Structure formats: C-alpha cells, structure tokens
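Trainee: I'll drop the sequence and a predicted model, then ask my questions.
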Amino acid sequence: MKRTKEPTYSQDAQKALENHVLQSSLKKLQNRFGKGVMEYWAAKDDDELRDRVKRRRMSTIENLDVVLSLLADNVQKAGGHVYFAKTGSDAVKYCLRVAQKNEVKTVVKGKSMLSAEIGVDKALEQQGVEVVETDLGEFIIQLAGDAPSHIIAPCIHLNRQQIGKLFQEKLGIDYTDDPPELTRAARGALRRKMIDADMGITGCNFACAETGKISLVSNEGNIRMATTMPRIHLALMGIERIAATMQEHQGMLQLLTRGAALQKLSTYVSFVGGPKSEGDPDGPEEFHLVLVDNGRSKILGDPEFREVLACLRCGACLNICPVYGRIGGHAYHSPYPGPIGAVVSPLLFGMNQHADLCKGESLCGACLDICPVKIDLPRMLLALRHKLAYGDAKWQARQHKPSEAFAFKLYRLIISNSMFYRLALRCARLLQKPFMGKSGMIGKMMGPGARWTNDRDLPPLAREPFNRRWKKKHSRNQKRNNEVNHG
Ligand code: SF4
C-alpha cells in the first residue's frame with residue numbers, strides 16, 4: 001500500500017498563507033492580545049513582579065525533586081493518589097488502568113495540552129471509552145475532527161460561520177452564527193455528558209507544593225464541572241508546572257492571565273487536591289494526580305535549555321510572533337505551536353523530527369519582550385540551530401543539512417580572503433545576468449536560490465563593489481582639495 005507522506009512545515013505554512021479566514025483571525029488575535037499585552041507591559045511597571053516570579057520559578061525548578069515530593073505527600077494526606085510517570089506511555093497506561101478498574105464508559109475532559117502530548121484520548125477511545133472535550137474551543141475542534149492551532153484559543157483558525165455550519169451538521173441545530181446561540185447549543189450538548197460521565201480528566205495550570213492543591217483556570221466553568229461531577233477526577237500535570245509556595249503560585253496565576261488574555265484574573269480559578277470529604281456537597285470519590293516527566297528531566301539537566309521549563313503556557317509569544325501570525329499553529333505539527341513550540345517540540349519529541357521549527361522563526365526577539373517571565377526563546381532557538389548545524393550526541397541530533405554546513409564553510413572562506421571575495425563577486429555578477437528582468441531586478445532564480453525570488457524580486461549585485469567606488473570618490477575629493485589648496 002502506498003503511504004501518504006505527512007505534509008511538511010513549509011507545505012502547511014504555504015497552505016496557511018492562502019487561507020483567508022485564518023489570516024484574518026490571526027490578524028485580529030495579534031492586534032488585540034499581542035499588541036495589547038505589549039502596551040500593557042510598556043504602560044505598567046510590572047518588571048519587578050515579572051523578575052520575581054521568574055527567579056522563583058527557576059529556583060523551584062532547580063529543586064524539583066524536593067517540591068514534587070512535598071506536593072505528593074500533601075495530596076496523599078488529603079486522600080488523593082499520586083503517580084509519577086517517567087514516559088507518556090506510562091501515564092497513558094495508568095489512566096487506562098484507572099478507567100478499567102472503575103468501569104468507566106464516558107470521560108469528560110478539561111483543556112489539557114499534556115493529554116494531546118501523550119495521546120491519552122486515542123488510547124481511551126481504543127478501549128471503547130467515549131471521550132468528550134468540554135472546553136468550548138476543544139469541543140469545536142473535536143466535532144470538526146481537527147487539531148488545535150493555539151495554546152489558549154484552539155479553534156482560532158475557524159470563523160463563526162464555519163462553526164455555525166459545523167454545529168448545524170453535528171448537533172442538528174438550525175444554522176446560526178450568533179456566538180451566544182452557538183455557546184448555548186454547545187452547553188446543551190455538553191451538560192448531559194457532564195451528568196453521565198464516570199471520569200473527568202483535566203490538565204493542571206499549576207500545582208502548589210505547600211498546599212497540595214492544583215489550580216485550574218478557565219473562563220467557561222467547564223473545568224469545575226469536569227472535576228466535581230464525575231466519580232473520578234484524574235489530573236495530568238507536567239512535572240515542571242509547580243510552585244513551591246502559595247505566594248509563588250499567586251504571582252504565576254497573575255502573570256498567566258495577564259499574558260494570555262489581558263485579564264487581572266480569569267473568571268474561574270479552581271483549587272483541587274483530593275476526593276470529596278465527608279459533608280462536602282459535591283466532588284469526586286477518587287482523585288488521581290499523574291505527574292508526567294516525558295523528557296522534562298532531560299531538559300532540566302541541560303543548563304542551556306532549563307529556562308524553558310519556567311514557561312507558564314500563556315500563549316503570549318504566539319500572539320506577537322510574526323511567523324505564527326502568518327502561518328498559524330498547524331504547520332508546527334505539535335500540541336505546542338509558536339515560538340515556545342519551536343523550542344519545546346524539538347526538545348520533547350526529537351530535534352531532527354522538528355528541525356524546521358527553530359529555523360522558521362525570525363529571531364526578532366518579540367517573544368522575549370512579551371513573555372511574562374522573560375524566557376529567552378531567541379537564545380534557545382539559536383542553540384537549537386547550532387546543534388542541528390553541527391550535530392549533538394547528547395540530544396541525538398544529526399547534522400540536519402550537511403550541504404548547508406558546507407555552504408557556510410565556503411562562505412566563511414570567501415569572505416575572509418579578499419582575493420577569493422573579489423573573484424566570487426565577479427563570478428556572481430556574471431551568473432546573475434540571465435536572471436535579471438527588464439526592470440534590472442532579479443525576478444526568478446533556480447535551484448536553492450528559487451525560494452528567495454518566489455515572492456519578491458531581488459536587487460542585483462552592483463556593477464562596481466562599494467570599496468572601489470569609495471576609493472574613486474575619495475581620490476576625486478582629494479584631487480579637488482589639492483586643487484583648491486594650491487590655488
Ligand atoms: S514562553 Fe513565555 S510567552 Fe510563551 S507561552 Fe511560555 S510563558 Fe507565555
């Protein structure tokens with residue numbers, strides 16, 4: 001059987017550029033949230049808070065073993081179960097065991113990127129369990145059989161007319177593109193599922209070691225229902241998403257909601273940390289916290305990339321990135337798109353498999369400026385490029401394009417020797433002639449050069465190099481000065 005090849009980063013990026021709905025949505029998103037957050041940072045003096053939270057995040061991450069063990073103790077004291085999963089597949093197996101033991105038929109989910117990272121939905125569905133997303137954006141994506149394209153706004157690539165048609169087809173309602181009507185229809189479809197569900201699976205925005213609680217942030221209230229209505233609540237948490245103290249946790253929440261949606265605080269913040277106690281009106285009978293490593297310890301062990309673990313997953317870097325702003329999230333082929341995805345995806349899922357991502361970013365530095373905790377993504381993007389250019393045993397990175405490395409070596413040789421440089425210029429001037437149009441610009445090159453001229457014309461190399469023109473001009477001036485001085 002002929003296997004269909006997955007589209008590449010460039011192919012998906014090209015497709016995105018031709019998608020007018022996506023282009024208009026991305027523009028609105030970046031104008032509102034990207035520019036909005038930048039203006040907010042410029043107007044408010046929040047530097048002290050941002051620096052403090054970053055310092056504390058790094059110190060907690062450097063003492064991860066201690067804080068995680070304190071968190072586990074506190075959750076267990078409250079009657080919850082804690083499981084440390086070394087890999088994504090260990091975490092999935094644990095979820096399946098819990099589901100099987102409790103004869104789970106339906107799972108309602110709160111938004112969780114980690115669940116997409118480890119593929120838990122598919123595994124549950126293969127066991128005959130119905131999995132229903134309850135976050136409105138994720139619910140739309142699930143109905144469409146699509147993939148999320150933004151960390152916070154997963155269906156940003158669809159407009160309300162497309163969602164209206166989708167709801168008409170899948171939920172059997174009359175067509176409407178009125179957002180409140182659409183929300184009501186989704187709520188109607190989801191309420192019954194919430195009531196019937198045996199298990200709720202959520203992510204975890206942050207956990208607090210000191211209190212043994214995890215926090216879940218939403219603007220819809222769906223997560224609170226997914227954690228309290230089913231008999232079992234299972235929370236998936238990346239091991240880095242932890243604060244040592246409530247004070248640190250508070251700062252992280254503040255910056256998360258500000259960076260994500262310019263909010264002081266989101267509409268709902270739920271603190272969860274165990275099964276319901278006697279006398280509680282609601283809550284699950286069982287609470288499971290699954291702490292997932294899946295490559296995070298390796299990042300922790302590398303000082304060059306450790307800083308990326310401080311990420312709050314606010315999505316602000318996506319909202320300002322000029323690359324994400326044109327190509328959207330699908331081209332990244334990862335649950336983590338945008339500049340943060342361009343760094344974490346190669347580290348978590350393999351450098352060579354995601355080699356295009358770090359090369360696709362523009363290194364303009366906007367992601368660093370907007371990041372609430374000032375994560376230096378541009379520095380790490382360069383470090384990834386370096387590993388891909390020369391290969392790296394520790395990260396099992398093969399030299400991505402040896403021909404590229406050869407080209408750069410050749411370039412270094414040419415520009416460091418004036419004779420070679422002059423010769424190369426002369427050859428290039430001759431070679432460019434057949435590609436020059438009537439306007440005098442280079443319109444269409446061939447081979448590897450074609451990409452430079454696909455979307456724009458290039459100015460040709462000047463007939464005479466700058467240094468020669470400079471010398472000429474200088475000697476002319478000198479001559480004129482001499483004539484003036486000598487009358
Ligand atoms: S890198 Fe910074 S801006 Fe990007 S998602 Fe993480 S915390 Fe937010």
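Mentor: On my side now, so go ahead.
Trainee: C-alpha from now on. contacts and neighbour counts both.
Mentor: Fine.
Trainee: All the helices of the stretch 51-200 of the chain, residue numbers only.
Mentor: Assigned by DSSP state H, counting those that start in this stretch, the helices in the stretch 51-200 of the chain fall at 64-77, 88-101, 113-118, 120-126, 136-144, 160-171, 179-196.
Trainee: Turn these into CSV, including distance to the ligand.
Mentor: CSV is the format used below for the helices of the stretch 51-200 of the chain (distance: least, Cα to the nearest ligand atom, whole Å):
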stretch, distance to the ligand
helix 64-77, 18
helix 88-101, 21
helix 113-118, 12
helix 120-126, 23
helix 136-144, 18
helix 160-171, 26
helix 179-196, 27
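Trainee: Output these as a markdown table; include the columns mean pLDDT and mean neighbour count.
Mentor: As requested, those are arranged in a markdown table below (pLDDT from 0 to 100; neighbours: other Cα atoms under 10 Å):
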| stretch | mean pLDDT | mean neighbour count |
| --- | --- | --- |
| helix 64-77 | 98 | 19 |
| helix 88-101 | 98 | 18 |
| helix 113-118 | 97 | 19 |
| helix 120-126 | 97 | 17 |
| helix 136-144 | 97 | 19 |
| helix 160-171 | 97 | 16 |
| helix 179-196 | 95 | 15 |
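Trainee: can I get those in CSV with distance to S215?
Mentor: Converted to CSV, the helices of the stretch 51-200 of the chain look like this (distance: least, Cα to Cα, whole Å):
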stretch, distance to S215
helix 64-77, 13
helix 88-101, 20
helix 113-118, 15
helix 120-126, 21
helix 136-144, 19
helix 160-171, 30
helix 179-196, 20
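Trainee: ok, the residue in the stretch 51-200 of the chain that the ligand sits nearest to - contacts?
Mentor: Here the stretch 51-200 of the chain gets closest to the ligand at one residue, I151, 7.9 Å apart by Cα to the nearest ligand atom. By Cα atoms under 8 Å, 6 or more residues apart in numbering, the residues touching I151 are M113, R313, C314, G315, P335, Y336, P337.
Trainee: Which two of these have the greatest separation?
Mentor: The largest separation in these, counting by Cα to Cα, is between C314 and P335 at 13.8 Å.
Trainee: Quick check: the gap between Q399 and L384.
Mentor: 11 Å (Cα to Cα, to the nearest Å).
Trainee: Any idea how far the lengthiest helix in the chain is from the middle of the chain?
Mentor: Using DSSP state H, we find that the single longest helix of the chain is helix 466-485. Mean-position distance between helix 466-485 and its chain equals 56 Å (Cα atoms, centre = their mean, to the nearest Å).
Trainee: would you put the C-alpha positions of it in CSV?
Mentor: What follows is helix 466-485 as a C-alpha-only set of coordinates in CSV (Å, rounded to 0.1, in the frame of the first residue of the first chain):
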residue,chain,number,x,y,z
PHE,A,466,31.5,49.5,-2.7
ASN,A,467,35.2,49.7,-1.7
ARG,A,468,36.2,50.6,-5.3
ARG,A,469,33.5,53.3,-5.6
TRP,A,470,34.6,54.6,-2.2
LYS,A,471,38.3,54.8,-3.3
LYS,A,472,37.3,56.6,-6.5
LYS,A,473,35.2,59.1,-4.7
HIS,A,474,37.8,59.6,-2.1
SER,A,475,40.6,60.2,-4.6
ARG,A,476,38.3,62.6,-6.6
ASN,A,477,37.7,64.6,-3.4
GLN,A,478,41.4,64.5,-2.6
LYS,A,479,42.2,65.9,-6.0
ARG,A,480,39.7,68.6,-5.7
ASN,A,481,41.0,69.6,-2.3
ASN,A,482,44.6,69.7,-3.6
GLU,A,483,43.5,72.0,-6.5
VAL,A,484,41.7,74.4,-4.1
ASN,A,485,44.7,74.4,-1.6
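Trainee: contacting residues around I299?
Mentor: Counting by Cα under 8 Å, 6+ apart, I299 has contacts F305, R306, L309, L347.
Trainee: what does the protein have sitting close to the ligand?
Mentor: Residues of the chain lying close to the ligand (Cα under 6 Å from any ligand atom) are C311, L312, R313, C314, G315, A316, C317, I340, C371, P372, V373, I375.
Trainee: In TSV, list these along with secondary structure and neighbour count.
Mentor: Listed next are those as TSV, based on DSSP: H, G, I helix; E, B strand; the rest coil; neighbours: other Cα atoms under 10 Å:
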residue	secondary structure	neighbour count
C311	coil	20
L312	coil	24
R313	coil	19
C314	coil	21
G315	coil	27
A316	helix	32
C317	helix	28
I340	helix	25
C371	coil	29
P372	coil	30
V373	coil	25
I375	coil	22
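Trainee: For F408, state which of those residues is nearest.
Mentor: Nearest to F408 among the residues of the chain next to the ligand, with distances taken as Cα to Cα, is I340, at 27.3 Å.
Trainee: That closest one contacts P378, correct?
Mentor: No: if you go by Cα atoms under 8 Å, I340 and P378 don't touch, sitting 9.9 Å apart.
Trainee: so what's the backbone phi/psi at the residue in the stretch 151-300 of the chain positioned nearest to the ligand?
Mentor: Closest contact between the stretch 151-300 of the chain and the ligand, by Cα to the nearest ligand atom, is at G259 (6.5 Å). The phi/psi pair for G259 (degrees, to the nearest 10) reads phi -70, psi -40.
Trainee: what's the answer for H330, then?
Mentor: The phi/psi pair for H330 (degrees, to the nearest 10) reads phi -70, psi -30.
Trainee: Could you list the low-confidence segments of the stretch 301-450 of the chain?
Mentor: Nowhere does the stretch 301-450 of the chain drop to pLDDT under 70.
Trainee: Spell out the residue ranges of the helices in it.
Mentor: Counting by DSSP H, counting those that start in this stretch, the stretch 301-450 of the chain has helices at residues 316-320, 324-327, 338-349, 355-360, 366-370, 377-390, 402-415, 418-432, 450-453.
Trainee: among those, which is the most enclosed?
Mentor: Of all the helices of the stretch 301-450 of the chain, helix 316-320 has the most neighbours on average by mean count of other Cα atoms under 10 Å, namely a mean of 30.
Trainee: tally of neighbours for the closest residue to R456 other than its chain neighbours?
Mentor: Spatially, and ignoring its direct neighbours in sequence, R456 is nearest to G443 (7.4 Å; Cα to Cα, 6 or more residues apart in numbering). Neighbourhood size, G443 [other Cα atoms under 10 Å]: 20.
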